[in-house]
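[1] for reference, the sequence and a predicted model appear below.
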Amino acid sequence: MITFTPHESQWLIGFFLNFLLILSGQRIPLLTPKGWIHAGILGTILWGCLGWKGWLAVVSYLALGSIVTKVGFAYKEAIGIAEKRGGRRGPENVWGSAATGVVLAILIEIGWGSGDLLLIAFSASFAAKLGDTFGSEIGKRWGKRTFLITTFKPVPSGTEGAISAEGTIASLIGCISMAFILRSLSLIPNSLALSIVIISGFLATILESFLGALLQNKTTIISNELINFFQTTIAALFSVYLAILIL
């Protein structure tokens, strides 16, 4: 008779749960078929490393990000600034958003460094990404005056590096929303760490606009997904720096 340790069982549960999720989720227009497969791989890793709480946190991120993408989608599509594939996320979107978090989850799994610091960094990376998604999608739909962040000259909505007051407020709401979800799941250890995650996520979201204006579409190497990876990594690193200073 084959027996499994509790830790091995956790990985097996994660695998089978995410396998079922892939099978059932194909009809839901959130991800492409390949996107669902890669989301299943992501979910298995997160469940294995962080348990159901880490998995649920990222499922919440994917759900909220997809919902806000659909808000005003017909308008954004009509003027040519909507997300491609009808807003469905592909593998590149999954890993561009979550690669930093996955690395941090694996570091927690192998016991490298401080668990609390790594959880704060993990949380900041997803707070930053949801903030970016909220800001981009709300700003494209309802931003009344859009400026390039590097020059503050008016530019059309949807321009890389463009910001608006509405989008900036939405970014902050996205960061706060993700941070409170993570706090409710005890992935953020205390209220002070919650503030660090929100601040780090929001600042990284502002910096993402700078990176988009300066680098994106200047070369084929710098894609939107790579910018997303830079953003989440910066949020994680800055949160660790603040946590070491303050906590």
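    Received, thanks.
[2] which other helices and strands contact the longest helix along the chain?
    Looking across the chain with DSSP state H, the single longest helix is helix 33-70. Applying 3 or more CB pairs under 8 Å, 6 or more residues apart in numbering; DSSP states H and E, we find helix 33-70 packed against helix 6-25, helix 91-109, helix 115-142, helix 165-184. Quick note: C-beta positions are derived from backbone N, CA and C, even for glycine.
[3] where does pLDDT dip in this structure?
    1-4, 75-78, 80-83, 85, 87, 217-220 (pLDDT under 70).
[4] apply 80 and report the result again.
    1-4, 6-8, 24-30, 71-87, 113-114, 158, 216-222, 247 (pLDDT under 80).
[5] about what we covered before: need the winner for burial among the helices and strands packed on helix 33-70.
    For those, the largest average neighbour count (mean count of other CB atoms under 10 Å) is found in helix 115-142, namely a mean of 26.
[6] what lies in contact with the following helix or strand past it?
    As assigned by DSSP states H and E, the chain's next helix or strand after helix 115-142 is strand 147-148. Contact with strand 147-148 is made by 153-155, 159, 161-164, 213, as judged by CB atoms under 8 Å, 6 or more residues apart in numbering.
[7] coming back round to it: and the helices and strands packed on helix 33-70 as TSV, adding distance to Ile79?
    Below are the helices and strands packed on helix 33-70 laid out as TSV (distance: least, CB to CB, whole Å):
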stretch	distance to Ile79
helix 6-25	30
helix 91-109	22
helix 115-142	9
helix 165-184	16
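[8] out of these, the one nearest Ala235 is which?
    helix 115-142 (3.6 Å; CB to CB).
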